[in-house]
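Colleague: Sequence and computational prediction follow.
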Amino acid sequence: MILVTGATGDIGRRVVRLLRQQQKSVRCFVRLTSHYSELEHRGSDIFIGDLREEKDIKKACQGVKYIISAHGSGNDALSLDYRANIELIDQAKIQGVEHFVLISVLGAERGYEDAPVFKAKRAVEKYLQSSGLNYTILRPSGLASNLLPLAERFRETGLYLLIGDPKNRTSIISTDDLAKIVVDSLTVTEARNQILPVGGPEILLREDIPKIFSRIFNKEPIIINVPLFAVDGLRGVWGLFDSSAQTGLGTFRTLLANEFYCTSEENANLERIYNFQLETVENFLRRYLAI
């Protein structure tokens, strides 16, 4: 049995599809309010619970041989990115789990003090490395699926909102490729006990994204470039009303202010380990937008 947390998210849903296509037994950890009917239809075992509750994690892990941690945290990095993963690792040890796959974040090791998600992910990485479990830690850059709503808005309006430095580099990973890497990490020998940066095959400038949209839709982009200090102002005002949202904006600002990309050598190593060619952002978008 393979436990997948975050099973209704962009990554988790794709991971479950691949596992079920391989006729693997999958237990999906979902919230009662989430949309999990597709996962149930595919023959997955649905476990309804709350990752903030240790008792739910303990029940979900019973009889499990593999764990894939694919859940996000929203504005609650301490409870979900940190505590939930620590408890999953502890239960994995109790259950004798054969392999634990953790989806972390590119740049987790850089020590961004203002980014709770990065700090939590790095602490969990270290805990997993010292746990005695077999593991694979994947550090993806931005997900191509996150661009789909932006592309749809561009299709309708021609507008693209670009916050921060348009020259910052990124290597956005096809979410389908990431899901395949996650699933293959359970069995690929060279992925065992490794921390792997995961990016797309191209190093893009952030200003290249509206150019890709322009090619796809044959429409000139109207780019609105908002300076980073505008986010700082918003964060300060927001903090007067909601401190947790202000904290979450710290991670958002870190993502906007820094570069997150994989080198060509890192990508070549990834393609060698998993034995497939990574998909470009443009190809991913064209497939999902049916263009």
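Modeller: Structure received. Since the structure is predicted, the reported quantities are computational estimates derived from the model, not experimental observations.

Colleague: Send me stretch 69-85 as PDB with only the CA atoms.
Modeller: Below are the C-alpha coordinates for stretch 69-85, written out as PDB (Å, rounded to 0.1, in the frame of the first residue of the first chain):
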ATOM      1  CA  SER A  69       4.400  13.400   1.000                       C
ATOM      2  CA  ALA A  70       2.900  15.800  -1.600                       C
ATOM      3  CA  HIS A  71       0.800  18.100   0.500                       C
ATOM      4  CA  GLY A  72       1.200  21.900   0.700                       C
ATOM      5  CA  SER A  73       0.600  24.200   3.600                       C
ATOM      6  CA  GLY A  74      -1.100  27.400   2.600                       C
ATOM      7  CA  ASN A  75      -0.400  29.800   5.500                       C
ATOM      8  CA  ASP A  76       0.300  27.000   8.000                       C
ATOM      9  CA  ALA A  77       3.800  25.900   7.300                       C
ATOM     10  CA  LEU A  78       4.500  25.000  11.000                       C
ATOM     11  CA  SER A  79       1.600  22.500  11.200                       C
ATOM     12  CA  LEU A  80       1.600  21.100   7.700                       C
ATOM     13  CA  ASP A  81       5.000  21.500   6.200                       C
ATOM     14  CA  TYR A  82       6.800  20.700   9.400                       C
ATOM     15  CA  ARG A  83       4.800  18.900  12.100                       C
ATOM     16  CA  ALA A  84       2.700  16.700   9.800                       C
ATOM     17  CA  ASN A  85       5.800  15.500   7.900                       C
END
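
Colleague: which residues touch it?
Modeller: Contacting residues not belonging to stretch 69-85 are listed as 4-7, 9, 11-12, 15, 29, 51-52, 57, 88, 100-103, 116-117, 119-121, 123-124, 127-128, 182, 244-245, 247-248, 251 [Cβ atoms under 8 Å, 6 or more residues apart in numbering]. Any C-beta I mention is one placed from the backbone N, CA and C, and that applies to glycine too.

Colleague: Keep only those of those residues that are in helices.
Modeller: Within the contacts of stretch 69-85, residues falling in helices by DSSP state H are 11-12, 15, 57, 88, 116-117, 119-121, 123-124, 127-128, 182, 244-245, 247-248, 251.

Colleague: got any ranges where the stretch 101-250 of the chain has weak pLDDT?
Modeller: Within the stretch 101-250 of the chain, the ranges that satisfy pLDDT under 70 run 231-249.

Colleague: can you give me the helices in it?
Modeller: Ranges of helices in the stretch 101-250 of the chain, per DSSP state H, counting those that start in this stretch, are 116-129, 148-157, 175-184, 208-217, 228-239, 243-257.

Colleague: can you list these in JSON lines and add mean neighbour count and distance to Ser264?
Modeller: What follows is the helices of the stretch 101-250 of the chain, written out as JSON lines (neighbours: other Cβ atoms under 10 Å; distance: least, Cβ to Cβ, whole Å):
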{"stretch": "helix 116-129", "mean neighbour count": "21", "distance to Ser264": "24"}
{"stretch": "helix 148-157", "mean neighbour count": "14", "distance to Ser264": "26"}
{"stretch": "helix 175-184", "mean neighbour count": "23", "distance to Ser264": "16"}
{"stretch": "helix 208-217", "mean neighbour count": "19", "distance to Ser264": "16"}
{"stretch": "helix 228-239", "mean neighbour count": "13", "distance to Ser264": "28"}
{"stretch": "helix 243-257", "mean neighbour count": "18", "distance to Ser264": "22"}
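
Colleague: between these, which gets nearest to Gly107?
Modeller: helix 116-129 (6.4 Å; Cβ to Cβ).

Colleague: Out of the helices of the stretch 101-250 of the chain, which gets nearest to Cys61?
Modeller: With respect to Cys61, and counting by Cβ to Cβ, the nearest of the helices of the stretch 101-250 of the chain is helix 116-129 at 14.7 Å.
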